[in-house]
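Chemist: Just to be clear, the model below is a prediction. Sequence and coordinates:
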Amino acid sequence: MSKAVPIIGMGAICAAGNTIASAKKGVYAGHDNLTPLSLFDSGLKIPPLSGQVLALEENAVGPNRTAQLAYAAVREALSGLHKRKGLTLGFVVATTVGGITRSELFYKAYKTDPLKLSRAATECAGHEPAALSGFLCENFDGTGFYTLSTACSTGLHAVGLAKRLIQAKAFDLCCAVGSDALSILTIRGFSSLMLLDPTGCKPFDKNRKGTSLGEGAGAVCLASDDACKLLDVKPLAYVSGWGASADCHHMTAPHPAGLGAITAVTAALDEAAIAPADIGMIATHGTATPDNDVAEIRAMQKVFGTVPPFCSMKRSLGHTLAASGIIEAVFAVSAMKDNCVPHTAGFTDLDETIGIAPQSKQKAGIRHVLKNSFGFGGNNAAAVFSLSNEQGL
Amino acid sequence: MNDADSLIATLKTQIIASLKLSDVKPEDIDENEPLVGGGLGLDSIDTLELLVLLEKEYGVTVPDITIGKKVFASVRSLATYIQENRTKG
Amino acid sequence: MKKPIYVRSFSAILDEGIYSPAGFAPWPQGQNGIFEITREQVLAKPYPAFGKLCLSDKLAFCAASVALSHCPVTEPLFTGICLGLPLGSLSTDLRYMESVLSAFPSPALFSATLPSSAIADIAIFFGLKGENRVFVNESDSGYTAMENAVRLLQTGKCNTVAVLYVLALEEKDFALLGDGNTGKNRAYALILSTSCDDGGKAMALEFKSAQPNKDQPCDSGELYFHSIMQLLHTRSAGSVPFNGNCVAGHFSMKKDVS
């Protein structure tokens, strides 16, 4: 049995653009797409630079912003699949905020008018994260869904679970989706944890002070080998390996030597049955918080010895939380197919403590990419994406 | 009891309440011992929570991490910093 | 041939008290039940951060502590956690919004708004380093957590998994979801393992794979955990069927256990 699972569709909507095609060139070139937060008043004196989707179409489909973003990404990922020929389609959905943007509006209203409490049950029902999966499943004619929430690593967790569900033959097709809208909760939360750089994040830079938040959604549609044959589609790429672990260190700080990250990455390489030297690019978690970036590179040095070319997309997209693992995986796979390593926006000065710098590359000849995602609570995930499977197909 | 001692006593109660240290009594905290990384088991999130306490109760802010390390060295140093910088409370 | 899976330990923290392999312990008189659960009631050693946990994190931690106290972790790298959280972190989200509107948002409360903060506390305290995952879904999160745990064990990714199901809403939020939710707070933990080698003290429940029966409707997560807990508590013969998307079988009581 082939261990690599084919990807037959991808979609993304983010600060860099509303589709992969419109966003990818900017992402490769390392465009800075952060703008002062204007979607809502976060209560902070200076609106932090954030990755906002400013052109979310007015007639977007969905009960709340997170759902609208997810809908756009899934529509793009499934656009090539007009006929499903009776194949089953599962959804594994990753979100941290769910419908919180509506809950926040509701909460403010409820504080001023307690009579609105009577509407609370229906309001809140639409805000729970699983309502998002149900919405996608219903609108895209799915046959089952799962909803995951493990902070910033959730998106890549969804890819891993979707891979396993395909391998366990639970579904013929399985769409991993990550979506998070910007919200007061996350902006104020990251701000109070002093993890935000209001002037925009600088991944791996010696002057990095924190991350920048963003919003968006990504979708990756996986399929069984049989489903690919039946639909007569050629895979775009493969998810060949995946691993996850727990740091057991701290709620919001990574393990300083990246011990949990090492376990997750090693497990992903083992599952892909490739050597560390086969990895042509690392799409890092690279949040630009002082702790994350140094711990992540320490971990990569331990696994790889000489670290392959690596990039962070956080300045181009903002940290899109549960969506980041999937959106950044989508652009990493696109970059592999387009034969380049994206430029890391926001980086200018080498940090001696880290010792190495992110580097972009043209004609990179990449056959395998590694995507890392690390979350609060020390929750780590890593995935290997490959141009071809073991049979070289 | 002078001003400094009374502020130290108040701070101990406020720290316990703000950090929800249910197993700790004010007399368990030695005002000369390290506050973070010491016997109270406080970590970086607790430090941030204490920053909120300082701003809320005393209108005091801590500009950067170097000063923060001195301020949070002990309850006594915290009290001294508040006395020098307070704008309310 | 799929590996056998055993239930090594369990706990249920309910309105009436705590169920565990040691028996049933009702809440002491004068204690407001689940809301005033103490560290001493679930854990022998001190845990300074206990008082800081929000209600849902606290109940998850308590359920895991009680179950793990009867089944110490031997291989932390291969011990995972799967949590079903039907309401996500709703109460904490509301407390955090109150704190934002008060102009001084609490950083500790924000980290508790993440549904996965519960497993982080458990993983850090007990040193469980395997895969962990949180399912947030009002109708079947307990079920998907269990299915995921069984698959982690069957595929060899873990050899022990703590499966948790936690429904927690603070008293002041009951009105928000209607009176029907009053008194529904509860937490279950099951320690599943591919080995039962602990000197004959293994719990009697064994999971055996079977063909999925799509005609047999799935219980909701809560009922499902409750049926297993009751079998273990009463030690009566019986079996609880399981029908997932990719995992199916029965949890059955072995006859040779007194």
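Modeler: That came in fine, so what should we check first?

Chemist: Where does residue C:59 sit: helix, strand or coil?
Modeler: Classification of residue C:59 using DSSP: H, G, I helix; E, B strand; the rest coil returns helix.

Chemist: Quick check: which element contains the closest residue in space to it that isn't next to it in sequence?
Modeler: Spatial nearest neighbour of residue C:59, excluding adjacent residues (CB to CB, 6 or more residues apart in numbering or on different chains): residue C:187 at 3.9 Å. Just so you know, the C-beta spots here come from the backbone N, C-alpha and C atoms, and that holds for glycine as well. Element membership of residue C:187 [criterion: DSSP states H and E] is strand C:186-193.

Chemist: Now do that strand: which elements does it pack against?
Modeler: Strand C:186-193 is packed against strand C:5-13, helix C:55-69, helix C:141-154, strand C:160-167, helix C:221-234, with contacts defined by 3 or more CB pairs under 8 Å, 6 or more residues apart in numbering or on different chains; DSSP states H and E.

Chemist: re the thing from before, per-residue pLDDT, the residue nearest to residue C:59?
Modeler: As predicted, residue C:187 sits at a pLDDT of 95.

Chemist: now residue A:376
Modeler: 83.

Chemist: who's in contact with residue A:259?
Modeler: A:247, A:249, A:299 (CB atoms under 8 Å, 6 or more residues apart in numbering or on different chains).

Chemist: Give me the phi and psi for it.
Modeler: Main-chain torsions, residue A:259, degrees, to the nearest 10: phi -60, psi -50.

Chemist: where's it relative to residue C:118, distance?
Modeler: Between residue A:259 and residue C:118 the distance is 22 Å, computed by CB to CB, to the nearest Å.

Chemist: what secondary structure does residue A:325 sit in?
Modeler: Following three-state DSSP, residue A:325 is assigned to helix.

Chemist: That one - how many residues pack around it?
Modeler: Neighbour count of residue A:325, defined by other CB atoms under 10 Å in any protein chain shown: 34.

Chemist: same thing with residue C:156?
Modeler: 10.

Chemist: residues contacting the residue in the stretch 101-250 of chain C that chain A sits nearest to?
Modeler: With CB to the nearest CB, the shortest gap between the stretch 101-250 of chain C and chain A falls at residue C:120, namely 2.7 Å. Contact partners of residue C:120, counting by CB under 8 Å, 6+ apart, are A:246, A:251, A:376-379, C:114.

Chemist: among the residues you listed, which two are most distant?
Modeler: Spanning the widest gap among the contacts of residue C:120 are A:246 and C:114, at 14.1 Å by CB to CB.

Chemist: Tell me the residues of chain A that contact chain B?
Modeler: Residues of chain A lying near chain B by CB under 8 Å from any CB of the partner chain: A:192-194, A:250-253.

Chemist: Now which of those residues would you call buried?
Modeler: For the residues of chain A next to chain B, a neighbour count by 16 or more other CB atoms under 10 Å in any protein chain shown gives the buried set as A:192-194, A:250-253.

Chemist: What count of nearby residues applies to residue B:2?
Modeler: 7.

Chemist: re the thing from before, mind checking pLDDT for the residue of the stretch 101-250 of chain C closest to chain A?
Modeler: As predicted, residue C:120 sits at a pLDDT of 90.

Chemist: does it count as helix, strand or coil?
Modeler: State at residue C:120, reduced to three classes by three-state DSSP: helix.

Chemist: hmm, back to that, greatest separation within the residues of chain A next to chain B: which pair is it?
Modeler: A:192 and A:250 (16.5 Å).

Chemist: coming back round to it: ranking by neighbours, what's the top pick from the contacts of residue A:259?
Modeler: Highest count within those by other CB under 10 Å belongs to residue A:299, 27 neighbours.

Chemist: So for that residue, what's the nearest residue that isn't a sequence neighbour?
Modeler: Counting by CB to CB, 6+ apart, the nearest residue to residue A:299 once its immediate chain neighbours are dropped is residue A:258, at 2.8 Å.
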